[in-house]
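K.L.:
Structure for this input, please:
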Amino acid sequence: MSWVELASFIGLGILTNTAFPIPFEPVLLAFGSGLPGSSALLVCALGSLCAAGGALVDAACFGLVRRGQWGAGSQGRERLAGRNFYLLAAAAGILPVPFTFVRAALLRVRPRPLLFAGIVGAMRFPRYVVTIQAWTALALPEWAGWALTGAAMVIGLELRNGMRRRRIPAGAL
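P.N.:
Residues are numbered from 1 along each chain as shown. This next block holds a predicted model:
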């Protein structure tokens, strides 16, 4: 993997592991599907670090939204994340379920950022290894991962634009 590809993978990896409406798995498959075993594991580990970085971005962004809900300077009213939040983050990290549930919980609680990022990164690694192994077992051509990434980007952006068009203007009510 060249430096340009590595930089692209890291940038897309962090972006797609946030609330941005494009999933990371197609990016993982595009960059890691044609690699031999140890290189594919390295891409999975790097993807897990990107997921941890995305968790840090989510925690910071949703923290800003939380503070906006409660008013400036009211951090004392924010609840700290408890064990159930971290269990939810771990389950959503390893299972193929939407991470949206965890992001919704971030609107209500304030996690310890490094603990949250560590849990997300650690739980994503086995999921990414299984994803690469399953994709390799399908024996699809290498370009199929890139096609899946392109399709995911188009669909995600179109869904996002569709939601914007359906918003009710503030004065209409």
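K.L.:
For this structure, which segments are assigned as strands?
P.N.:
Using DSSP state E, the strands of the chain run over 79-80, 109-110.
K.L.:
any chance of those in TSV, with mean pLDDT too?
P.N.:
Formatted as TSV, the strands of the chain follow (pLDDT from 0 to 100):
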stretch	mean pLDDT
strand 79-80	84
strand 109-110	90
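K.L.:
Disregarding residues adjacent in the polypeptide, which is nearest to residue 28?
P.N.:
Nearest residue to residue 28, sequence neighbours excluded (C-beta to C-beta, 6 or more residues apart in numbering): residue 47, at 5.2 Å. In short, each C-beta sits where N, CA and C put it, glycine included.
K.L.:
right, and the one you found touches residue 128 too?
P.N.:
Yes: the pair residue 47 / residue 128 is scored as a contact, 5.0 Å apart, by C-beta atoms under 8 Å.
K.L.:
So which of those two has more stuff around it?
P.N.:
Using other C-beta atoms under 10 Å as the criterion, residue 47 and residue 128 rank with residue 47 on top: 30 against 24.
K.L.:
Please state the backbone phi and psi of residue 95?
P.N.:
Backbone geometry at residue 95, expressed as degrees, to the nearest 10, gives phi -90, psi 150.
K.L.:
Thanks again, I'm all set now.
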